[in-house]
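In: sequence and predicted structure, then a few things I'm wondering about:
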Amino acid sequence: MADEDATPGLSPARQRAVDAIVRSATRLFAERGPASVSLREVAADAGVNYGLIHQYVGSKDQLLRLVTRRMSEETARRYAAAPDAATALDGLLRPAGQPTDYIRMLTWAVLEGDDSRELLRSSPALAELTRQLRAEHPDDADQAPYVVAAGAALALGWRVFGSVLTGALDLDDEAGPELDARIAEVAARLLQQ
């Protein structure tokens, strides 16, 4: 992880170990689902001692929440750097091809029965989008969380089921980025109504 992900008070060596654990867990959880990955596998993949996971992070549930939090914080920084709420919302709506490891991991976690309310509690990314929308549209500030929820639902659905929908609607011939742009454009119009 980048320096901006550094946890205050952690030594550089501990921070490197936690970062390696988070990277490995993200990838392994995305590939097979959190329930199918042991902490020993994460430790081996990260190149750290198994005991360090318990000492530095805690349980697998705590690791899953840490991974989710880190990814949401990274996304929140991208949204905060956007020039306006529409651009930030476009970043949510415009998928970058296949689902990311983060989206795959979240999908697995939800399908495996993890408490998604706890997993995504106070998402920095969604909070940043909501903040931007409220700031730019104060007359509709109470609608901002609903717009973000609808945008996130559309984006997650497209990222997970886009290939299924593409085939079902005979959209296979359209280029990936072009199709993604058209979907994002329609979703943005729907969210502005």
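Out: That came through, no problem.
In: after the helix ranked longest in the chain comes which helix or strand?
Out: Under DSSP state H, the helix in the chain containing the largest number of residues is helix 144-168. Note on helix 144-168: by DSSP states H and E, the next helix or strand toward the C-terminus is helix 176-192.
In: quick check: angle from that following helix to helix 144-168?
Out: 140 degrees (axes from the mean of the first three to the mean of the last three CA atoms, to 10 degrees).
In: list the buried residues for helix 176-192?
Out: In terms of neighbour count (16 or more other CB atoms under 10 Å), helix 176-192 has its buried residues at 179, 180, 183, 184, 187, 188, 191. Every C-beta, even on glycine, is put in place using the N, C-alpha and C of the backbone.
In: and stretch 32-46, by the same measure?
Out: In stretch 32-46, counting by 16+ other CB under 10 Å, buried: 33, 34, 37, 39, 42, 43, 45, 46.
In: what ranges does the protein have for its helices?
Out: Going by DSSP H, the chain shows helices at 12-32, 39-46, 50-56, 60-81, 85-93, 101-111, 116-119, 124-136, 144-168, 176-192.
In: mean pLDDT added to the ones you listed, as TSV?
Out: Compiled in TSV, those are given as follows (pLDDT from 0 to 100):
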stretch	mean pLDDT
helix 12-32	93
helix 39-46	97
helix 50-56	92
helix 60-81	90
helix 85-93	79
helix 101-111	85
helix 116-119	74
helix 124-136	91
helix 144-168	86
helix 176-192	79
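In: now do the contacts for the spatially most central residue of the chain.
Out: Per CA atoms, centre = their mean, the C-alpha nearest to the average position across the chain is that of residue 102, at 4.8 Å. Residue 102 sits next to 26, 30, 68, 71 when contact means CB atoms under 8 Å, 6 or more residues apart in numbering.
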